[in-house]
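Peer 1: sequence first, then the predicted structure:
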Protein chains: 2
Amino acid sequence: MILPFEFASIPKIIFGAGKLSELYKIIPLYGNNVLFIIGESSLKKSGTWDKIVENMETLGIDFSHVSVSSEPSPSVIDEYAAQYREKNLDLIISIGGGSVMDSGKALSAMIPKQDSIKNYLEGVGTKKPDGEKIPFIAIPTTSGTGSEATKNAVISQVGKEGFKKSLRHDNYIPNIAIIDPELTLSCPPSITSACGMDAFTQLYGSYVSTKANPMTDALAYSGMKYMKDNLIPACTDAQDDIEVRTALAYGSLISGITLANAGLGIVHGFASSIGGLFDIPHGLVCGTLLAEAVKMNIEKLKEMGEKGKDSLRKHAKIGALLANETGSIDTDMSKYLEILITSLDNWTKTLHLERLGKFGIMEQDIDKIVEKTGLKNNPVNLSSKDIAEILKKRL
Amino acid sequence: MILPFEFASIPKIIFGAGKLSELYKIIPLYGNNVLFIIGESSLKKSGTWDKIVENMETLGIDFSHVSVSSEPSPSVIDEYAAQYREKNLDLIISIGGGSVMDSGKALSAMIPKQDSIKNYLEGVGTKKPDGEKIPFIAIPTTSGTGSEATKNAVISQVGKEGFKKSLRHDNYIPNIAIIDPELTLSCPPSITSACGMDAFTQLYGSYVSTKANPMTDALAYSGMKYMKDNLIPACTDAQDDIEVRTALAYGSLISGITLANAGLGIVHGFASSIGGLFDIPHGLVCGTLLAEAVKMNIEKLKEMGEKGKDSLRKHAKIGALLANETGSIDTDMSKYLEILITSLDNWTKTLHLERLGKFGIMEQDIDKIVEKTGLKNNPVNLSSKDIAEILKKRL
């Protein structure tokens, strides 16, 4: 039975190695006044930024750029929004990682407003975004957040009163997403693995989500299919292999589409709570906790008996996928669940995903984290004790 | 290896039994001046139209409607466009079958223009659509064309100089698609089967298309998965089963998304050529020719040896899906190809899909049809002789 669902619009997607060049045909369709949001260094180091500047000059485009170095905070967004409010921008283009995507998305929404982004953040402000924005093109240089396909920008305030909350509206989906895997070739292993684990966690989370629907099921499964054999090579002996990078870029894109429409689970609950309290890369929180969270989900689903069967079946299907096996899910359920757990444990080891303790998280922080950790659309209910147990395993 | 691809935006999708009621929340967001395009009878007979009128009056919406009885011709679109050009419409809403969808889509694009739609039709006119349109909501009452998710409106001129051509632009994708399977409950078996076969043919055509990509693959497979066990029941002993109707509505929606992004094959080549020359329901052309076209595709793919393997594998995957089997595609390739052919032959018989001869198509028409039949994105090249042979089998 297909239950009622909604599926948001998606950006027009332009996908493939070398497709960055499409940008030069697209910009003039929007106008002549463009703001680029870029990262601090890699785009400049690789020479890509110089090429873009050259093309802008050839096209006679009036452009400026701002650099973003970390996850955007409300004050950074407010400051840039004020700076560009009177500039009559025709288009905003983000080229970079998740923070750059989120910054561009937030600025495209906040430049037309007159007040602070804090007023519009979920769970922080009291105003509802109305969807008005400056057209926005997203060009990721990491295969991670899938932010190029989502309707939300994650805004972080780190510290005691810290939070990691979303600015969200259907209209904030980028107008166009250009996914050019060539841009990810220079991404170092540590970032590739953190981003890749974020994307895979998003695919897993939306696939087993309580809000999943047949469209997100089909897409999330497809994303995992392409990621599974390429994540480790992209971080180890095939960093320069465009085919490998392309598969990761695809998985990441799809993870954005599925999370936007099915939501996520407990691992991203942690990413939100831990990310607000500690300065630790988002992808690493996801990556280091995924295997333990999946184990806990499976254990709790088993305890539910018949009621947990459908979700266990989905977990087993991922196990079968990871093992490249096509056997019967029902007959071989335990085997495939075991494969899923073992595979994720192996990834944790092979990718040297660091423990949370490395970032200063200690036993005494657990209660504080658990209190702030939401289950989101996790397939099974978890108690505070369960949530704490996942954390303890990765301190 | 994932080859470069583009994927167009999709409408915001609102899917599920009873979801028509969402319309009343949405209309006021667009404005107060609404044009409905509806079919000739079924919506009125079922009482749905009366309910809509009542709701429009309660909401104080200024609305009018036009009825459409058959596939839209250029002259019909031109006439209505002229009639509504000065009316400052805020929104156009189509509620009906494929012809009603296409009429609404075409009118939303042509009302802002000053000349004939003929000038903008692919292969007919010389002007390129610029994408300007009046916002458009598509609400299908049949599970067939998937037009609620596509960027083109099919316009037909029947007769000697007849054609069946598209008005197409990325912006013509409906703003919102409301898919409420309850609206299809009153659809009679003959229309349900023709529409269902159209949708399944679109899923097949885009799945094996030369333009297929991982996203269309995942979605088309998912659409076939839900349609396969529900198409026959929806036309026979489970016409009133909302679960069955929901599965068909899902398949149809998905077929629109996949055809818009992967294109179609030889069967829709026929639908275009035959549809321009003869007055015969679109879905019936597809349905009656599908099994024979698939047989021909498989035969020709086999002749290609190694080069045909990837597509044969895809064909075999559909066979395995239809048989609910999870065996190895490579080991059991022949078996699954045979299952695919047999299943489609069975559908043709069980659904009593009429032969083309019933609609006046004769042996001497074959050359004329073949000449006008394009291969589109068929997975294998077919000669004129091959194309004629498919036709002859269903005269």
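Peer 2: Ah, there it is.
Peer 1: how close does the residue nearest the centre of chain A sit to chain B?
Peer 2: For chain A, the residue nearest the mean C-alpha position is A:Thr145 (2.0 Å; Cα atoms, centre = their mean). The gap separating A:Thr145 from chain B is 18 Å, by Cβ to the nearest Cβ, to the nearest Å. For every residue, glycine as well, the C-beta is placed using N, CA and C.
Peer 1: I'd guessed that residue sits against A:Ala199; true?
Peer 2: Yes. Using Cβ atoms under 8 Å, A:Thr145 is in contact with A:Ala199, at 7.5 Å.
Peer 1: overlap in contacts of those two?
Peer 2: In terms of Cβ atoms under 8 Å, 6 or more residues apart in numbering or on different chains, A:Thr145 and A:Ala199 are both contacted by the residues A:Ser252.
Peer 1: which of the residues in stretch A:105-114 are buried?
Peer 2: A:Lys105, A:Ala106, A:Leu107, A:Ser108, A:Ala109, A:Met110, A:Ile111, A:Lys113 (16 or more other Cβ atoms under 10 Å in any protein chain shown).
Peer 1: give me the subset of these that lies in helices.
Peer 2: The members of the buried residues of stretch A:105-114 that map onto helices under DSSP state H are A:Lys105, A:Ala106, A:Leu107, A:Ser108, A:Ala109, A:Met110.
Peer 1: tell me the one of those residues nearest B:Ile139?
Peer 2: Looking at these and their distance to B:Ile139, the nearest is A:Ala109, at 29.9 Å (Cβ to Cβ).
Peer 1: what residues are up against that closest one?
Peer 2: Counting by Cβ under 8 Å, 6+ apart, A:Ala109 touches A:Tyr120, A:Pro129, A:Glu132, A:Lys133, A:Ala153, A:Leu167, A:His169, A:Tyr172.
Peer 1: with secondary structure, distance to A:Gly205 and pLDDT added, can I get those residues in JSON lines?
Peer 2: Below are the contacts of A:Ala109 laid out as JSON lines (DSSP: H, G, I helix; E, B strand; the rest coil; distance: Cβ to Cβ, whole Å; pLDDT from 0 to 100):
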{"residue": "A:Tyr120", "secondary structure": "helix", "distance to A:Gly205": "25", "pLDDT": "98"}
{"residue": "A:Pro129", "secondary structure": "coil", "distance to A:Gly205": "24", "pLDDT": "96"}
{"residue": "A:Glu132", "secondary structure": "coil", "distance to A:Gly205": "30", "pLDDT": "95"}
{"residue": "A:Lys133", "secondary structure": "coil", "distance to A:Gly205": "27", "pLDDT": "97"}
{"residue": "A:Ala153", "secondary structure": "strand", "distance to A:Gly205": "19", "pLDDT": "95"}
{"residue": "A:Leu167", "secondary structure": "strand", "distance to A:Gly205": "20", "pLDDT": "97"}
{"residue": "A:His169", "secondary structure": "coil", "distance to A:Gly205": "22", "pLDDT": "94"}
{"residue": "A:Tyr172", "secondary structure": "helix", "distance to A:Gly205": "20", "pLDDT": "95"}
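Peer 1: returning to that earlier point: so what's the residue nearest to the centre of chain A closest to, chain neighbours aside?
Peer 2: Spatial nearest neighbour of A:Thr145, excluding adjacent residues (Cβ to Cβ, 6 or more residues apart in numbering or on different chains): A:Gly98 at 3.5 Å.
Peer 1: distance of that neighbour relative to A:Lys335?
Peer 2: A:Gly98 sits 36 Å away from A:Lys335, going by Cβ to Cβ, to the nearest Å.
Peer 1: with neighbour numbers in mind, choose between these two.
Peer 2: A count of neighbours by other Cβ atoms under 10 Å in any protein chain shown puts A:Gly98 above the other of A:Gly98 and A:Lys335, at 26 against 16.
Peer 1: quick one, phi/psi of A:Val380?
Peer 2: phi -140, psi 150 (degrees, to the nearest 10).
Peer 1: does it touch A:Ser311 like I think?
Peer 2: Yes. A:Val380 is within contact range of A:Ser311, at 6.8 Å (criterion: Cβ under 8 Å).
Peer 1: could you tell me which residues touch both of these two?
Peer 2: Applying Cβ under 8 Å, 6+ apart, one finds that A:Val380 and A:Ser311 are jointly contacted by A:Asn297, A:Leu301.
Peer 1: quick one: A:Tyr24 from A:Leu59, how far?
Peer 2: For A:Tyr24 relative to A:Leu59 (Cβ to Cβ), the value is 6 Å.
Peer 1: hang on, the earlier thing: name the SS class of the residue nearest to the centre of chain A, please.
Peer 2: Recorded secondary structure, A:Thr145: coil (DSSP: H, G, I helix; E, B strand; the rest coil).
Peer 1: so how many other residues sit close to A:Pro126?
Peer 2: For residue A:126 the amino acid is Thr, not Pro. 8.
Peer 1: what's the pLDDT at it?
Peer 2: At A:Thr126, the pLDDT value in this model is 96.
Peer 1: for it, which non-adjacent residue is spatially closest?
Peer 2: By the measure of Cβ to Cβ, 6+ apart, the closest residue to A:Thr126 outside its immediate chain neighbours is A:Asn119, 6.7 Å from it.
Peer 1: and that neighbour, what are its phi and psi?
Peer 2: Per degrees, to the nearest 10, the backbone of A:Asn119 is at phi -70, psi -20.
Peer 1: in three-state terms, label the closest residue to chain B within the stretch 251-395 of chain A for me.
Peer 2: Per Cβ to the nearest Cβ, A:Thr326 is where the stretch 251-395 of chain A lies closest to chain B, at 5.0 Å. Here A:Thr326 is coil, with the state taken from three-state DSSP.
Peer 1: next, it: phi, psi?
Peer 2: A:Thr326 adopts backbone torsions of phi -120, psi 20, taken as degrees, to the nearest 10.
Peer 1: now swap in A:Ile191 and tell me
Peer 2: Backbone torsions for A:Ile191, taken as degrees, to the nearest 10, come to phi -80, psi -40.
Peer 1: need the contact list for it.
Peer 2: So A:Ile191 contacts A:Gly97, A:Thr142, A:Gly283 (Cβ under 8 Å, 6+ apart).
Peer 1: go again with 7 Å.
Peer 2: By Cβ atoms under 7 Å, 6 or more residues apart in numbering or on different chains, the contact set of A:Ile191 is A:Thr142.
Peer 1: and for the closest residue to A:Thr236 other than its chain neighbours, the neighbour number?
Peer 2: Once flanking residues are discounted, A:Thr236 sits nearest to A:Pro189: 7.1 Å by Cβ to Cβ, 6+ apart. A:Pro189 is flanked by 14 other residues according to other Cβ under 10 Å.
Peer 1: please apply the same query to the one 4 residues further on.
Peer 2: A:Ser193 sits with 24 neighbouring residues when counted by other Cβ under 10 Å.
Peer 1: just the helices in the stretch 101-250 of chain A please.
Peer 2: A:189-207, A:214-227, A:231-235, A:242-262 (DSSP state H, counting those that start in this stretch).
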